[in-house]
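Trainee: here's my sequence, what's the structure:
(chains A, B and C)
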Amino acid sequence: MPELPEVETVRAGLERWVTGRTIAAVDVLHPRAIRRHPAGERDFVALLVGRRVEGARRRGKYLWLPLDSGDALQAHLGMSGQLLVQPAAALDETHLRVRVRFADGDPELRFVDQRTFGGLAVVAGGAALPGTIAHIARDPLDPAFDDEAFRIALRSRRTGIKRALLDQSLVSGIGNIYADESLWRARLHYARPTETLTRSEVDRLLAAVRDVLRDALAAGGTSFDSLYVAVNGESGYFARDLAVYGRRDEPCPRCGTPIRRDAFMNRSSYTCPRCQPRPRRARW
DNA sequence: CCTCATTCCTGCGGGC
DNA sequence: TGCCCGCAGGAATGAG
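Mentor: Presented below is the predicted three-dimensional model:
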């Protein structure tokens, strides 16, 4: 599942392989992949063909490619999306949704997405932040992330800490996996009411989030070396370094207590019952 | 305005 | 063997 480290790895790949190139043709193979482009396929294609890509940028889990028209090609990978840079001769992937060909030939850009939770759109404004994603907060690795503003915003919420971590308008880039890993590192339970967090607990949590994201980014970044921009939920960091996520009944790496899985927000939360005791006042 | 449940989608794997 | 069902979950949407 692509969260900040995976999306940033893709962004770096796009910057390397697509910047400076002019789009020659676009095929939409599945209309759902551009459902966030309300004007439809014909308009989507017309806004792209002939445009030069000026770079690759990211806000949270959103990516966008600024174009020389002043628009941007915006992308979200959702659960299973990939942006691949492939030779035109490569066989089409089973779930290929959109193909972008360039005037200089190989390689082409492909949006592949099994579940099509993700998608592409052409949006206005790309030099700064497109208006469509103006509500997305900065991520904790962004140099302009404001720790004090985050502390205040967090304490003013009336919700549980994990819900807050997953709220992309408060802090971006964190999904279910890295939320669980960060909370475990900070020894905080997901149901802690945000307004009860002390300053030192928030600082501990922010430090844990940054550690987790940086470690994952380092792992994801190393495998990106070829003519291939990929997100693979099963690779790298996932398999090796997760302490609690997906490890129900396995021993906590810190204390050996079996990891517990709870249903939470129509998904799962993994905790160590000893390192992360449920608060008396719980909120989720 | 704020919080939260619902919804979209498809492949995999467990159970029968 | 094959079918059914639960599960994976980011974020827009609308209810309250």
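
Trainee: got the contact list for residue A:150?
Mentor: By Cβ atoms under 8 Å, 6 or more residues apart in numbering, the residues touching residue A:150 are A:170-171, A:202, A:206. Using the backbone N, CA and C atoms, a C-beta is placed for each residue, glycine as well.

Trainee: what about the residues you listed, which are in helices?
Mentor: Of the positions in the contacts of residue A:150, A:202, A:206 sit in helices, assigned by DSSP state H.

Trainee: where does the stretch 1-150 of chain A get nearest to DNA strand C, residue-wise?
Mentor: The nearest approach of the stretch 1-150 of chain A to DNA strand C comes at residue A:61, 3.6 Å away (Cβ to the nearest atom of the strand).

Trainee: actually the stretch 51-200 of chain A, sorry about that
Mentor: Residue nearest to DNA strand C within the stretch 51-200 of chain A: residue A:175 (2.9 Å; Cβ to the nearest atom of the strand).

Trainee: report pLDDT for that residue.
Mentor: Note on residue A:175: pLDDT of 93.

Trainee: any idea how far it lies from DNA strand B?
Mentor: Per Cβ to the nearest atom of the strand, to the nearest Å, residue A:175 is found 14 Å from DNA strand B.

Trainee: nearest spatial neighbour of residue A:183, skipping sequence neighbours?
Mentor: residue A:190 (5.7 Å; Cβ to Cβ, 6 or more residues apart in numbering).

Trainee: nope, residue A:251 is what I was after
Mentor: That would be residue A:258: by Cβ to Cβ, 6+ apart, it lies 6.4 Å from residue A:251.

Trainee: what's the burial count for the one you found?
Mentor: 13 (other Cβ atoms under 10 Å).

Trainee: same question for residue A:22.
Mentor: Residue A:22: 14 neighbours (other Cβ under 10 Å).

Trainee: which non-adjacent residue is nearest it?
Mentor: Closest residue to residue A:22 apart from its sequence neighbours, by Cβ to Cβ, 6+ apart: residue A:103 at 4.3 Å.

Trainee: how about residue A:105?
Mentor: Excluding the flanking residues, the one nearest residue A:105 by Cβ to Cβ, 6+ apart is residue A:88, at 7.4 Å.

Trainee: tell me the contacts of that neighbour?
Mentor: So residue A:88 contacts A:101, A:105-108 (Cβ under 8 Å, 6+ apart).

Trainee: which among those residues count as buried?
Mentor: A:101, A:107-108 (16 or more other Cβ atoms under 10 Å).

Trainee: coming back round to it: I figured the residue nearest to residue A:183 hits residue A:164, correct?
Mentor: No. Applying Cβ atoms under 8 Å as the test, residue A:190 and residue A:164 come out as separate, 9.9 Å apart.

Trainee: which one of the two has more residues nearby?
Mentor: For residue A:190 and residue A:164, the more surrounded residue by other Cβ under 10 Å is residue A:190, and the numbers stand at 27 against 23.

Trainee: please report how far that one lies from residue A:4.
Mentor: To residue A:4, residue A:190 is 19 Å away according to Cβ to Cβ, to the nearest Å.

Trainee: how about residue A:121?
Mentor: Relative to residue A:4, residue A:121 is positioned 21 Å away (Cβ to Cβ).

Trainee: can I assume residue A:187 is in contact with residue A:274?
Mentor: No. Using Cβ under 8 Å, residue A:187 makes no contact with residue A:274, being 9.7 Å away.

Trainee: comparing those two, which shows the higher neighbour count?
Mentor: Between residue A:187 and residue A:274, counted using other Cβ under 10 Å, the more crowded position is residue A:187 (17 against 14).

Trainee: identify the spatial nearest neighbour of the more buried one, chain neighbours not counted.
Mentor: That would be residue A:275: by Cβ to Cβ, 6+ apart, it lies 5.1 Å from residue A:187.

Trainee: average pLDDT for the host helix or strand of residue A:152?
Mentor: Using DSSP states H and E, residue A:152 maps to helix A:147-156. The average of the pLDDT scores along helix A:147-156 is 95.

Trainee: buried stuff in it?
Mentor: By 16+ other Cβ under 10 Å, the buried positions in helix A:147-156 come out as A:150, A:153-155.

Trainee: spell out the residue ranges of the helices in the stretch 101-250 of chain A.
Mentor: Secondary structure of the stretch 101-250 of chain A (DSSP state H, counting those that start in this stretch): helices located at A:147-156, A:161-166, A:176-186, A:199-222, A:237-241.
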